[in-house]
Every structure is written in structure tokens, then in C-alpha cells.
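In: When you get a sec, could you give me coordinates for this:
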Amino acid sequence: MPASVSALKTKPATQHEAPLIAETLAGFAAELADGDIPEEVRRRAPYLMLDAVGIALASTGFEFAHRTINAIAGLAGEGDGAVIGASLRLPMRDAAFLNGFLIHGLDFDDTHSGGIVHATSSVFPTALAVAARTRASGRELVTAYVAGIEAAARLGAVAQGGFHQVGFHPTGLVGAFACAIVAGKLMGLTQQQLTMAQGIALSLGAGSLEFLEDGAWNKRMHPGWAAVSGITAATLAQSGFVGARRAYEGRFGLYASHLGEQYDPANLSLATEGLGRVWELMQVAVKPFPICHFTHACADAAIALAEEGLDPASIEHVRALVPAEVVKTVCEPVANKRRPANEYDAKFSIPFIVAASLVRRRFTLAELEPETLGDAAILALADRIEYEVDPDSGFPRHYSGEVIVRTRDGRTLRRREAINRGSGDRPLSGDDIVAKYRTNAGRVLSAGHAERIRALVLGIETIADARDLADGLRRA
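Out: Sure, this is the predicted structure:
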């Protein structure tokens, strides 16, 4: 472990008091130097950023983006912050909000599997906005981004999937703390100030899962709001605002207040375990499908069965095996899941996704268009799809799944995906990510413009002024 990372400057603990999580994370971030991060991590980080940029660009072609950009632009007024794929400039926090919104808009962005958190969609917009304001280098931006990913992954892991069980979206909750760390590092905050920033973020993070009931747009704004919260918290801390010290362990800290009976204090150690030694960024999963990550294994399994020659008309019944922890998110209520109200609703529906994958032999953005949502063959098949809890699930490290088909002539066909494609243990390559980026960016940009952005992002380590990166992501 690099000396600068291992020698964390934390408040001395008494015989009966362990170092506080916020202090430990603050010390890690404050002392983290560019050279402390392994080269494989630094090489992977720009690809995760490129993936995010491509999704944000694609999002600008949808109604939800147009309405939200118009609303925020009218509220905020002009500023110097850049919005990905847009020509307008907004105040820094508003630009960060929209960039987080656009990256998460299609639910196509990366996920840290163990933390069950979309970290890049909040951490990157924060790093981009603050680095541009402070005129940090691209290399400094990457270092702050990595610090945020490491914090978000670990803070999410403490919950062990519990946030979803009680109706909270961890991307909005833990994202606020991670963004406070990112913003604070780029602003040059001390360890004490970074500790305070996390305590302030305790009153700012938010994210309800109620959108699952009707496909509402709320989830899209969670990462952007986390960015706003983190930047606000760091700025207040820089000015001496006093935040709660026990942001995580406290009687009304993050976990006790949001997890209820799901809270296990024994898991608090996961918040700092391996910090500076194990790099969780390498476990960030890049999505091959524009749907909830919990559904990917079943989608891949269904596509594989279809590609082997399975005729959807011959299917009598389908069982989809999923981790117990994801049932509330992608399987229930069953009636709603079999008839998604809109494309966002469909992204969180095991019956619809498995049916569409079996019928279309793929799952792309086209499978979320209105004509697909109303496809009679897909909906009829969705009625014959049941879910079961997977007894051999690898959750949360792997979002495993299995599809078992019974045909009308009595055959049983099955396909299991024990490790979801794109996960840290089965990652998409850099070339795979570039191909995904080109498809997404190509929806709204010329090939030449898309290639200029690709080169800019993948060359981030050579950029002297992060404002050049931010400006390069705009649509002139």
C-alpha cells in the first residue's frame, strides 16, 4: 500500500472508540495521490467515463431529456457549466445535475455489483463540474473520480442489498456522500473538512423506489441530485459549516435511519475494508443491455435459448430464477410487471424482458419502443412467465439468473448465467465499451464528432485543464 494512502490522518480513537467511517474515508481521499492508484485502475477509469458520456449523448434524443433540460435551464439561468451533448451553459450545480440525469436517463449506465450503486452517474458529473471550475488537470479529475467510486462502492456494500428492500435507491443515498468526497478533494478540503462534508451530506441524500409502481421519471434524477448534494456539502464544509460526525454509525446515521430491521452494524467494517489496497473500481459492471442490472442474466439466458432455435410459439411455460433480494424490484407486483405502463416500467420487469428476449433474440433500446411494449406475442408470452427465487444465487457480487422453458411437446430447456455479463468477474473489454459508446453517441452525433469525443475522454490523463474536457463534451 502506498505510504500516502496507508498513513490515514484520522482522529485518534480512544480505547473504546474505533475510527469513524467518515474520518477514515476523508483521510483516504485527502491523502490519495495520482501515483497511488494502480495503472490498471487508471486505464479502466476513462473507459467507464466514456461509457457514461455515450449514454448521456443518447439520452439527449429523448423527450424526458428535452423536458428536464428546459425546466432546469429556465430555473437556473446562465452559467459556465457544460452539459453533455447540449449547447447551453448553466451554473455548476445545475450542469452537474443534468449530466447525472442524462447518464442515468436510459438505465444503461454502470453498476458496482457489491454496492448495488450506479456510482459513475453521480461521481463523474461531480468530478467534471468541479474540476472544470477549479481548472484541475485531467489526471487530477481521474484521481478524484476513483476516490469517489471507492467510497460509493463500500458505502453501498454495507447495506448488503437492504436499501432496496425498504424502498430506497442507494445511488441517490450513498451517491451524495461519495460526491461530497469527490468535490471536496478537487476543492482541496482538509481531512476534517471532508469529514464535515459527509456529515452535511447526511441531510441531503435521497432516493425513493416508488417509481417502480408506475414507471415514473424520478429515478433518473437521483444521481444528478447526489452530485448537487455533494457539491453543496463540500462547499459548506469549506466555509466551516459543522456537519454530523457520526454520519454512518450514529443512532440516526445513514444506515440506522434508512435500513431499519435490515441494518446489521457488523457490516459497517465493509465501508473501509481494503481501502487503498483493494480497488473496487475494477468490480464496476458495464451494462450490455439498457435495463435494470438485476435482469441481465435472465435476458442473456433467454437470448441464448432463442438463438439455439427455440420457437416462442412452442413455449408453454417459463420459469425465471432470480436472487431473492431483487424480487421486489423486478418481479412484483406481477400484474404490473407483465404489462409495463411505459418504457421505464419495462426496464424493471422480468416477465417482459424475458419474453421480449425470447421473441426478438436481443434486447436493445428498440425493445423499449411503444410498438414493442404493445407487441401481442411478447405480452402473451409474458403471461406465461413466472419467477422463482434462485437457490444458488451469487448476489450481490453477481446478479445471477436462470431461464427454464417447458415446451408444448414436453421438453425442458434451461440456460443459466451464474455471472452476469459485464460484471467485474466477466467484464466487457475496452473495445466492447468503445463499440457501445459509438452506438449510443451515433444516435445523435456524426461519426466524426463522436470520434473526437472518444479520443478526448480516453486521453483524459493528458489534459492540462479539465475545462477543455467539459467544453469538448458539449454540442457546439
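In: Excluding chain neighbours, what is closest to the residue nearest the centre of the chain?
Out: Compute the mean C-alpha point of the chain, and by CA atoms, centre = their mean the closest residue is His118, 1.2 Å away. Leaving aside its chain neighbours, His118 sits nearest to Thr171 (4.4 Å; criterion: CB to CB, 6 or more residues apart in numbering). Where C-beta positions appear, they are placed from N, C-alpha and C, glycine not excepted.
In: pretty sure that neighbour is touching Pro223, no?
Out: Yes: using CB atoms under 8 Å, Thr171 is in contact with Pro223, at 5.6 Å.
In: Check which helix or strand the residue nearest to His118 maps to.
Out: Using DSSP states H and E, Thr171 sits within helix 170-186.
In: what residues does whatever helix or strand comes next after that helix touch?
Out: The helix or strand immediately downstream of helix 170-186 is helix 191-201, counting by DSSP H and E. With contact meaning CB atoms under 8 Å, 6 or more residues apart in numbering, helix 191-201 is reached by 9-10, 20, 22-23, 25-27, 29-31, 176-177, 179-181, 183-185, 189, 229-230, 232-234, 236-238, 241-248.
In: CA atoms only for helix 191-201 - export them in CSV, please.
Out: Extracted C-alpha coordinates of helix 191-201, given in CSV (Å, rounded to 0.1, in the frame of the first residue of the first chain):
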residue,chain,number,x,y,z
GLN,A,191,-9.5,15.7,6.2
GLN,A,192,-11.5,17.5,8.9
GLN,A,193,-13.5,19.4,6.2
LEU,A,194,-14.1,16.3,4.2
THR,A,195,-15.4,14.6,7.4
MET,A,196,-17.8,17.5,7.9
ALA,A,197,-18.9,17.4,4.2
GLN,A,198,-20.0,13.8,4.7
GLY,A,199,-21.9,14.8,7.8
ILE,A,200,-23.7,17.5,5.9
ALA,A,201,-24.5,15.1,3.1
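In: Contact partners for Ala382?
Out: Residues near Ala382 by CB under 8 Å, 6+ apart: Lys337, Arg338, Arg339, Ser349, Pro351, Phe352, Val354, Ala355.
In: Show me which of these are buried.
Out: Using 16 or more other CB atoms under 10 Å as the burial test, the contacts of Ala382 include Lys337, Arg338, Arg339, Ser349, Pro351, Phe352, Val354, Ala355 as buried.
In: how close does the second one sit to Val146?
Out: Here the distance between Arg338 and Val146 works out to 42 Å (CB to CB, to the nearest Å).
In: go on, the fourth one?
Out: From Ser349 over to Val146 the distance is 34 Å, taken as CB to CB.
In: for the fifth one, same thing?
Out: If you measure Pro351 against Val146 using CB to CB, the figure is 38 Å.
In: quick one: Thr439 from Gly54, how far?
Out: Between Thr439 and Gly54 the computed distance is 8 Å (CB to CB).
In: Kindly report the same for Gly167.
Out: Going from Gly167 to Gly54 by CB to CB gives 31 Å.
In: and those two? which has more neighbours close in?
Out: Gly54 (31 against 13; other CB atoms under 10 Å).
In: so which helix or strand takes in that one?
Out: helix 39-59.
In: Output the contacting helices and strands for that helix.
Out: helix 92-104, helix 120-134, helix 138-159, helix 430-441, helix 447-458 (3 or more CB pairs under 8 Å, 6 or more residues apart in numbering; DSSP states H and E).
In: For His398, which of the ones you listed is the nearest?
Out: His398 sits nearest to helix 138-159 of all the helices and strands packed on helix 39-59, at 13.9 Å, using CB to CB.
In: Format the CA atom coordinates belonging to that closest one as PDB.
Out: The C-alpha coordinates for helix 138-159 follow below in PDB (Å, rounded to 0.1, in the frame of the first residue of the first chain):
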ATOM      1  CA  GLY A 138      -7.500  15.600 -16.300                       C
ATOM      2  CA  ARG A 139      -5.200  13.400 -14.200                       C
ATOM      3  CA  GLU A 140      -6.500  15.100 -11.000                       C
ATOM      4  CA  LEU A 141     -10.000  14.600 -12.200                       C
ATOM      5  CA  VAL A 142      -9.400  10.800 -12.600                       C
ATOM      6  CA  THR A 143      -7.900  10.600  -9.100                       C
ATOM      7  CA  ALA A 144     -10.900  12.300  -7.600                       C
ATOM      8  CA  TYR A 145     -13.300  10.100  -9.600                       C
ATOM      9  CA  VAL A 146     -11.500   7.000  -8.400                       C
ATOM     10  CA  ALA A 147     -11.700   8.200  -4.800                       C
ATOM     11  CA  GLY A 148     -15.500   8.600  -5.200                       C
ATOM     12  CA  ILE A 149     -16.000   5.200  -6.800                       C
ATOM     13  CA  GLU A 150     -14.100   3.600  -4.000                       C
ATOM     14  CA  ALA A 151     -16.300   5.400  -1.400                       C
ATOM     15  CA  ALA A 152     -19.600   4.700  -3.100                       C
ATOM     16  CA  ALA A 153     -18.900   1.000  -3.600                       C
ATOM     17  CA  ARG A 154     -18.000   0.400   0.000                       C
ATOM     18  CA  LEU A 155     -20.800   2.600   1.500                       C
ATOM     19  CA  GLY A 156     -23.300   0.700  -0.700                       C
ATOM     20  CA  ALA A 157     -21.900  -2.700   0.300                       C
ATOM     21  CA  VAL A 158     -22.700  -2.100   4.000                       C
ATOM     22  CA  ALA A 159     -26.400  -2.300   3.200                       C
END
